Each structure stands twice: as structure tokens, then as C-alpha cells.
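Enquirer: Just need the structure, nothing else, for what follows:
(one chain, ligands or ions: 1)
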Amino acid sequence: MTYQVLARSWRPQRFADLLGQEAAVQTLSNALTSGTFGQAYMFSGLRGVGKTTVARLLAKAVNCTDGPTAEPCGVCESCREIADGSSIDVIEIDGASNRGIDDVRELRELLKFHPTRDRYRVIIIDEVHMLTREAFNALLKSLEEPPPYIVWIFATTERIKVPDTILSRCQQLDFRPVGTDLIRDRLEEIASAESFSLTPSAAAAIAGAAEGSVRDALSLLDQLRAFTADEVDDEAVAKVLGVPPLEVTARLIEILAAGETAAGLAGLREQLASGQDPSILYQEMGRTLRTLVYLALDPALVPTLSEAQRERLQPISEACGADALTRMLGLWLEHDLLVKDASNRELALEVAAMRLARWPSVQQLEAWLAGSGQVPPDGGPGPETGSTPISGGGAGPSVAKTQTSRKATAAAPRTSKPAPAETEEPDEPENALENENELEQESQRQNEPAPVGTDDLLTVAKADPGVVLATRILGGDVVAVRPDGKGS
Ligand SMILES: [Zn+2]
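Expert: Okay, the predicted model is just below:
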């Protein structure tokens, strides 16, 4: 027996089986139950969300020997023939290949005759927006005064291209993209019914890749079943979709979050050299970052994660913490358009990675500005001060935090260069103030110059009395410090 593709074998045969189109289905069911269904419908929406399926169901509903009914029997001759596309009274036309005026004229000839067997002659035109202007004009005449035994059903993925004169003569039903969870559940239902293996995370990945289209999801699943001999797992999905396995993105983020720029770039280059698409790699790293945020906030937010994936990601998530991860994700997403549109997408991806890798430095800088950390060892804003601890404020003006910082983030990501004094300083503002005062007193008592870094900042402030005391571009972030204590 030949294999029937899932999109066909699992095409819904009842309105109730349709996925995610409650509004459209409810409208049609009510109209059928009350006998007030229209003579022309316009179904619009994304590809593969059920427009043609509903068109056939509607044809069955009006022609079933039990009908018109919202629950066609599915076994009478009309129902069966419509289901397999052989009904003489239900005509399906592809608007893309029958788009001229002559095609519409032929159709109009058909309208003169009563249906051969059924109650209604149902004419379904798919991708109706492809018709020519002349064809639409010819169609309009038939829509203005249709014979009582005709039902038109038009389907389109681009309603905007259908003339208003046509639209206004149709009942319009909007088909929505189907939710990822609904698609995932349907995939798992199919796997269980057809007895093949499909891991929950693979089902979720397929559903996510289908972007709201059930048909796309089922086609992908067909492809994966053939590829894996019915053992569909994450690795197979990654291969077929061209996405890197989670291990790759997790490792890259782990390295970059630790500030290891060179190692991160080497990892990226290795992936790109093996033929990995930069946009997809970027997208998947963003997806992994989001999963890490979710894990840090509440693991229940990612129910589709397998045990192995959870074990891999949990330590990274815990090491970085929700706040840092959220900001890293924001930083990453800033590169979205750049990576998609760049003439050199590999370079754009590398720039995004480099910025992510500067993250520990940003955190150290923030800790320093907040008065609870040391000067970043790799040439932070306090120039050549080495490990001289600089208290926020000191004898100079109150040094404000950056636009993004609130409090020094204690939960820094695993960094290769941890600031040793970071945990020694208490985090409470009261204590920080006490320390400041002590330092100030001590400074006055000993009549010593203010710490070098602060002095330096003052010099800059005098040179530029505007607002910016010191600025530093750190991994693309402009960190500004104002003498008036306000962040920039
Ligand atoms: Zn029937």
C-alpha cells in the first residue's frame, strides 16, 4: 500500500476536528444549523491553516443527504465523493493556474445548469487573488445574482489583493495561524495513533518551525519519519530543519556568557565552516537564551524540555540568573535585523557574539559604579588603576550608575575573571553609604588625593561640563556617568 501523506490522512472530516479555527467554525455551524448560510464565502488566512479543508466540509454540509447540516454524515455518496475530490457537483479550481477571463467564462457556463445530483453546485476557487482583473469582473456578474443552487467558496492567502467589489459580496471568514501548542499536541496524537516514536521536544520543535501552519507541520513530520525510519528525535529535527542541536547553542552561550570572546568566536566559526546558516544559528541561540530565561524564572514555563536538555541548561541558567539572562536576551535581540539583512551575515553574527561576550565586563563595570565592585581588570573606566578599589562617590562627585544598572548584580554569570572583592562589599545602600563616609573622612584626615580613577573622571567632567562625566563604549553600550548623580 502506498504511503498517504499525513496532511491527507489526517485531514479533518468534521468541523469539530479542525484545529484552532473556533470562530470560523462557529460562524459556519450556526449558519448551517439555522439554514441561513450564504451563497458566497471568502476564507482568508495563512497557508495550511484549514481553508480548503473547511471549504470541503462546507460543501459536504450543504450536500449531505442528512443536510444541510453542521454535522455531515461522512458516509453518504455525496460526503464520500466530496472527501476524495470526485464529486461532480463540487468543483475545485486553482486560481493560480486558471486565472484568465476564459476560465471564468467557462465557469459561468456551468452555473446555467442545476446540480447533477446534489442540492448545491459548490465552486471552490483556491488562491482567488491570482485571478486577473478581467476575470474578477466576469466573476462579479455571477456573484451579483447567483442562481439559488450555487455556493461560491473563495480561499486566499492575500485578501488585500482581492478587489473590494468581490469582498463586499462575500461573507468573510478569517482563518488564524494555529497555536504552537495545538499543533504540538496534534503531532503527538498522530504519533501515538500511528505508533511511531516522536519525542516531546521534537514535536515542539516541529510545531515551532511550522509557524502556525498545520500542513507545514505535517509535511515536516512526513519528511522526518522517512529520514529517521519512525524514530523522530531532536537530533533528526535539527538535521532536517538545518538548526544546530541544543548542545551547540548551549555551549556557545555558556562560553560567551563567561566572557571568553576568542573561544566563542572559534566555536561560531566552526559552526559556520560546517555549513550552518548564520541566521538560523543566531535565531537558535536567541531561542536557547529565552529558554534559559524561562528556566531561571520558572521551569514550568518550558514544559517541552526533555530531562537531558533541562540538565544541560539548568546550570547555565542558575549561574547567570534571570536578570542577567533577560538583559543578555535583550542585547542579543538588538541584532535581529542586522543579522537578517546584513550583506555579511556571518560578520553580523560575530558582532552579536562579541557583544554578548563583553557582558561580564559590563556587569563588573556596573558593580564598580555601584560602589561594590572592583575596577574591571581588562582596562575598565578607571584608567590604569589596576586593582585599586574605587568606592562609588569617594571625594569626587557622586558617581551615577549607567542607564541600565540598578544594583550591582551579585549573580554574575560564570566568568573567567571573577572579581574577588565583589562579594566582600555588602550590597545594602545603607552600608554603601557608611563606607563612602568612612572613606571620605579617611581621605580628608590623611589629606590624600582622591583615588586616581575619580580624579580622572573629574578632569573629564571639567573638560565637558555638559552632563557626561565619563563615557565609555563597552561592548557597544555607552556607559555614561554624570556629575549630578543622574544616570544618562
Ligand atoms: Zn453525508
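Enquirer: how about the residues of the stretch 1-150 of the chain near the ion?
Expert: Proximity of the stretch 1-150 of the chain to the ion is confined to 64, 72-73, 76, 79 under the rule CB under 5 Å from the ion. The C-beta positions use only the backbone N, C-alpha and C, and glycine is treated the same way.
Enquirer: Drop anything exposed from the residues you listed.
Expert: 64, 72, 76, 79 (16 or more other CB atoms under 10 Å).
Enquirer: Which residue is the nearest non-sequential neighbour of the first one?
Expert: So that's residue 64. In space, and not counting its chain neighbours, residue 64 is closest to residue 72: 3.9 Å by CB to CB, 6 or more residues apart in numbering.
Enquirer: Go ahead and confirm that neighbour touches residue 58.
Expert: No: here residue 72 does not reach residue 58: they are 9.2 Å apart, not a contact under CB atoms under 8 Å.
Enquirer: the strands in the stretch 251-400 of the chain, which residues?
Expert: Using DSSP state E, counting those that start in this stretch, the stretch 251-400 of the chain contains no strands.
Enquirer: Point out where it drops to low pLDDT.
Expert: Scanning the stretch 251-400 of the chain for pLDDT under 70 picks out 304, 372-400.
Enquirer: switch to 50 and redo it
Expert: 379-400 (pLDDT under 50).
Enquirer: residues in it within reach of the ion, list them.
Expert: Residues of the stretch 251-400 of the chain lying near the ion (CB under 5 Å from the ion): none found.
Enquirer: What's the local residue count around residue 71?
Expert: Neighbourhood size, residue 71 [other CB atoms under 10 Å]: 16.
Enquirer: Check it and give its pLDDT.
Expert: Note on residue 71: pLDDT of 93.
Enquirer: Quick one: residues contacting it.
Expert: Contacts were defined as CB atoms under 8 Å, 6 or more residues apart in numbering; by that measure residue 71 touches 14-15, 61.
Enquirer: Quick check: residue 352 vs the ion, distance?
Expert: Separation of residue 352 from the ion (CB to the ion, to the nearest Å) stands at 57 Å.
Enquirer: Next: residue 199.
Expert: 39 Å.
Enquirer: Check residue 23 too.
Expert: 25 Å.
Enquirer: centre of the chain versus the strand or helix carrying that residue, how much separation?
Expert: In the assignment (DSSP states H and E), residue 23 maps to helix 22-34. Chain-centre distance of helix 22-34: 31 Å, with CA atoms, centre = their mean, to the nearest Å.
Enquirer: what is the mean pLDDT for that helix?
Expert: The pLDDT scores in helix 22-34 average 94.
Enquirer: before we move on, what about stretch 43-51?
Expert: 94.
Enquirer: May I have the distance across that stretch, first residue to last?
Expert: Start to finish, the residues bounding stretch 43-51 are 6 Å apart (CA to CA, to the nearest Å).
Enquirer: Give me the buried positions along stretch 2-19.
Expert: Within stretch 2-19, the residues that qualify as buried are 6-7, 10-13, 15, 18-19, counting by 16+ other CB under 10 Å.
Enquirer: likewise stretch 59-76?
Expert: 59-64, 67-72, 76.
Enquirer: Redo the contacts of residue 71 as JSON lines? Include pLDDT and distance to residue 247.
Expert: Shown next, in JSON lines, are the contacts of residue 71 (pLDDT from 0 to 100; distance: CB to CB, whole Å):
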{"residue": "14", "pLDDT": "91", "distance to residue 247": "43"}
{"residue": "15", "pLDDT": "92", "distance to residue 247": "43"}
{"residue": "61", "pLDDT": "95", "distance to residue 247": "50"}
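Enquirer: Residue 254: neighbouring residues, count only.
Expert: For residue 254, using other CB under 10 Å, the count is 23.
Enquirer: what comes into contact with stretch 123-134?
Expert: Under CB under 8 Å, 6+ apart, the answer for stretch 123-134 is 42, 51-52, 55-56, 59, 90-96, 99-101, 104, 107, 110, 139, 150-163, 166.
Enquirer: Would you confirm that residue 63 contacts residue 78?
Expert: Yes: judged on CB under 8 Å, residue 63 makes contact with residue 78 at a distance of 4.4 Å.
Enquirer: Give the residues shared as contacts by these two.
Expert: Joint contacts of residue 63 and residue 78 (CB under 8 Å, 6+ apart) are 87, 89, 118.
Enquirer: the helices in the stretch 51-200 of the chain, which residues?
Expert: Counting by DSSP state H, counting those that start in this stretch, the stretch 51-200 of the chain has helices at residues 51-63, 77-83, 101-111, 133-144, 164-167, 180-193, 200-210.
Enquirer: Deepest in the core, which of the ones you listed is it.
Expert: Comparing those by mean neighbour count (mean count of other CB atoms under 10 Å), helix 51-63 ranks first with a mean of 26.
Enquirer: residue contacts, residue 32?
Expert: Per CB under 8 Å, 6+ apart, neighbours of residue 32: 58, 61-62, 67-70.
Enquirer: one more time with 7 Å, if that's ok
Expert: Counting by CB atoms under 7 Å, 6 or more residues apart in numbering, residue 32 makes contact with 61, 68-70.
Enquirer: that older thread, nearest to residue 30 among the residues of the stretch 1-150 of the chain next to the ion?
Expert: Set against residue 30, the nearest of these by CB to CB is residue 72 (15.6 Å).
Enquirer: Do I have it right that the closest one meets residue 59?
Expert: No: if you go by CB atoms under 7 Å, residue 72 and residue 59 don't touch, sitting 9.0 Å apart.
Enquirer: And for the longest helix belonging to the chain, what's in contact with it?
Expert: The longest helix of the chain (DSSP state H) is helix 278-297. Here helix 278-297 makes contact (CB under 7 Å, 6+ apart) with 242-244, 246, 249-250, 252-253, 271-272, 301-302, 305, 313-314, 316-317, 320-322, 325-326, 328-329, 332-333, 339-340, 345-346, 349, 352.
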